[in-house]
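Asker: Have a look; sequence and predicted model below, questions after that.
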Amino acid sequence: MTKENNYGLDGLIVKHHKTLQHLITFTLEERRLFDFCIQYYDSRKGSENNARELRLPVAEFKKAYPQFKKYRPVDFFELLINAAIGIQKKPYRPHKKRAVFWFTEIDLVDEDTDDPVFKISLTKGIMPFFLGLREHYISYHRSETIPFAKPTSYTVFEYIQEEFQDGQCPQWRVDLLVLKDRLGVANKYKRFPAFDKYCLKRPLKEINDHTRLIVKYDKLKKGRKITGIRFRVAQKAADPSVIDTEDQGKVFAREMDRYKIIPVVAQKFLTLAEKQEKTGEALALIPKCKKSHKKHGEGSFAPYLAASLQRLLEAPSLPGMDPTPTGSTGYSDMSAFSNEQLKKFAENPSHPYQADAAHYLKTQDKKE
């Protein structure tokens with residue numbers, strides 16, 4: 001049995017910490033194929049899916065990586081096969097005397113049809129590093145790494161995530177030699193300016209531009225010699241203050257797209273936020289809404305978030321949003337909800353409709 005395929009750009013990538021050091025040897029194409037494969041699994045769901053065979057639509061892979069649109073089909077298939085063979089030649093070594101290979105089978109199925117499928121069977125030994133992970137792992141959405149142009153960006157991004165621990169460690173210091181070894185360049189870039197350019201500045205620009213993280217660093221010196229690096233990391237939506245004011249709008253727009261807020265509404269919110277100089281507040285509201293919705297919310301997250309932003313920005317009626325403020329009172333029309341739902345809203349102080357529901361129930365009682 002196979003799990004229902006999930007090849008969207010926001011497919012989740014989950015990797016055990018033990019595998020990260022090994023992945024630094026992968027080329028850019030091998031990295032992309034590897035991520036495309038493991039997004040098939042959501043490791044947090046444990047043994048829900050124990051299938052080892054992956055059937056990956058070639059068209060989806062090509063769609064996910066616009067860089068490959070220029071390739072002819074025959075060249076593209078060869079690129080996929082070469083990437084898979086390259087991965088297979090680099091077995092994972094959890095111990096010095098043990099090697100675990102990634103695949104037992106690599107094949108291109110239905111290559112003469114309009115919908116060829118890349119078939120890969122993972123080995124039994126590699127599965128524990130993808131299933132049932134409860135600790136010591138990193139996770140990110142594939143859409144964050146699609147624009148990466150160099151494998152070094154992947155390596156630095158994974159290192160940052162491993163140390164950052166989802167915000168538990170927002171800053172840390174690392175010895176320069178230790179960092180070089182972790183990034184796989186211990187015997188490379190003897191001069192710091194070259195290391196700074198290729199392993200810090202360029203990768204961090206891609207990370208800051210395309211992922212949910214914003215990373216800054218300081219050089220630590222002993223005398224005139226640079227001996228270490230101090231990293232400072234924050235999640236953009238959680239801490240808008242780390243984002244340059246001119247970039248907050250771009251981050252807000254990306255967050256709206258991520259959470260499926262319809263474009264006309266998202267644009268209206270962005271315009272209002274910028275006009276009221278509340279873009280930072282709007283960004284900070286998103287993680288709070290996620291936490292509140294997880295605990296108290298009902299239904300999909302998008303309308304819940306939209307209603308919260310509407311209240312923050314005092315937005316008038318917007319397309320696709322219900323309820324909306326009406327009348328001179330400024331409260332929302334809650335007539336579309338049942339009394340049972342309204343009571344739940346009114347009893348939950350974190351709910352964005354709490355005041356509206358309480359006011360509506362009060363007016364209904366007066367009418368009766």
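Answerer: The structure has been received and is ready for your questions. Numbering: from 1, shown residues only.
Asker: got the domain boundaries for this structure?
Answerer: With automatic domain parsing as the criterion, the domains of the chain are listed as 12-145, 151-235, 243-321, 331-368.
Asker: can you redo those domains as CSV with mean pLDDT and mean neighbour count?
Answerer: The C-beta positions use only the backbone N, C-alpha and C, and glycine is treated the same way. What follows is the domains of the chain, written out as CSV (pLDDT from 0 to 100; neighbours: other C-beta atoms under 10 Å):
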stretch, mean pLDDT, mean neighbour count
domain 12-145, 75, 16
domain 151-235, 91, 16
domain 243-321, 74, 17
domain 331-368, 71, 15
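Asker: by contact count, what packs against whichever strand or helix holds residue 83?
Answerer: Assigned by DSSP states H and E, residue 83 belongs to helix 73-88. With contacts defined as 3 or more C-beta pairs under 8 Å, 6 or more residues apart in numbering; DSSP states H and E, helix 73-88 has these neighbours: helix 28-38, helix 58-64, strand 103-109, strand 117-122.
Asker: out of the ones you listed, nearest to residue 178?
Answerer: Proximity to residue 178 (C-beta to C-beta) singles out helix 28-38 among those, at 23.1 Å.
Asker: mind checking how far the closest one is from the chain centre?
Answerer: Remark: helix 28-38 is offset 16 Å from the chain centroid, using C-alpha atoms, centre = their mean, to the nearest Å.
Asker: Now do it against strand 103-109, angle only.
Answerer: Angle of helix 28-38 versus strand 103-109, following axes from the mean of the first three to the mean of the last three C-alpha atoms, to 10 degrees, is 90 degrees.
Asker: Now do helix 28-38: everything it contacts.
Answerer: 7, 13-15, 23, 26, 54, 56, 61, 64-65, 79-80, 82-84, 86-87, 120, 122, 130, 142, 145, 148-151, 154 (C-beta atoms under 8 Å, 6 or more residues apart in numbering).
Asker: and stretch 153-166, C-alpha only, in CSV?
Answerer: Extracted in CSV, the C-alpha atoms of stretch 153-166 (Å, rounded to 0.1, in the frame of the first residue of the first chain):
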residue,chain,number,x,y,z
SER,A,153,22.9,26.9,0.5
TYR,A,154,21.2,23.6,1.4
THR,A,155,24.1,22.7,3.8
VAL,A,156,24.1,26.0,5.5
PHE,A,157,20.2,26.1,5.8
GLU,A,158,20.2,22.6,7.4
TYR,A,159,23.0,23.6,9.8
ILE,A,160,21.1,26.7,10.8
GLN,A,161,17.9,24.8,11.4
GLU,A,162,19.7,22.1,13.4
GLU,A,163,21.2,24.7,15.8
PHE,A,164,18.2,27.0,15.8
GLN,A,165,15.9,24.2,17.1
ASP,A,166,12.7,26.0,16.0
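Asker: Now do that stretch: distance to the chain's middle.
Answerer: 12 Å.
Asker: And for stretch 113-124?
Answerer: 25 Å.
Asker: end-to-end on that stretch?
Answerer: 31 Å (C-alpha to C-alpha, to the nearest Å).
Asker: looking at it, residue 161 is touching residue 140, isn't it?
Answerer: Yes - the pair residue 161 and residue 140 passes the contact test of C-beta atoms under 8 Å, sitting 6.7 Å apart.
Asker: Next, the angle strand 117-122 makes with the helix holding residue 83.
Answerer: Using the same axes, to 10 degrees: helix 73-88 against strand 117-122 is 10 degrees.
Asker: Now the element after helix 73-88, going C-ward?
Answerer: strand 92-95.
Asker: residues in contact with that following strand?
Answerer: Contacts for strand 92-95 (C-beta under 8 Å, 6+ apart): 18-19, 22, 99-102, 126, 129.
Asker: Among those, which ones are in strands?
Answerer: Judged by DSSP state E, the contacts of strand 92-95 include 99-100 as members of strands.
Asker: and the contacts of strand 92-95, which two are the farthest apart?
Answerer: Farthest pair in the contacts of strand 92-95, by C-beta to C-beta: 18 and 101, 15.8 Å.
Asker: Output the longest helix belonging to the chain.
Answerer: Counting residues, the longest helix found in the chain (DSSP state H) is helix 279-296.
Asker: Report all helices and strands that the next helix or strand after it contacts.
Answerer: Remark: after helix 279-296, the chain's next helix or strand is helix 301-313, criterion DSSP H and E. The elements that helix 301-313 packs onto, with contact taken as 3+ C-beta pairs under 8 Å, 6+ apart, are helix 263-275, helix 279-296.
Asker: 6 Å - rerun?
Answerer: helix 279-296 (3 or more C-beta pairs under 6 Å, 6 or more residues apart in numbering; DSSP states H and E).
Asker: Run through the bridge partners of the spatially most central residue of the chain.
Answerer: What sits nearest the mean C-alpha location of the chain, by C-alpha atoms, centre = their mean, is residue 141, with 3.2 Å. For residue 141, the beta-bridge partners under DSSP bridges are residue 12.
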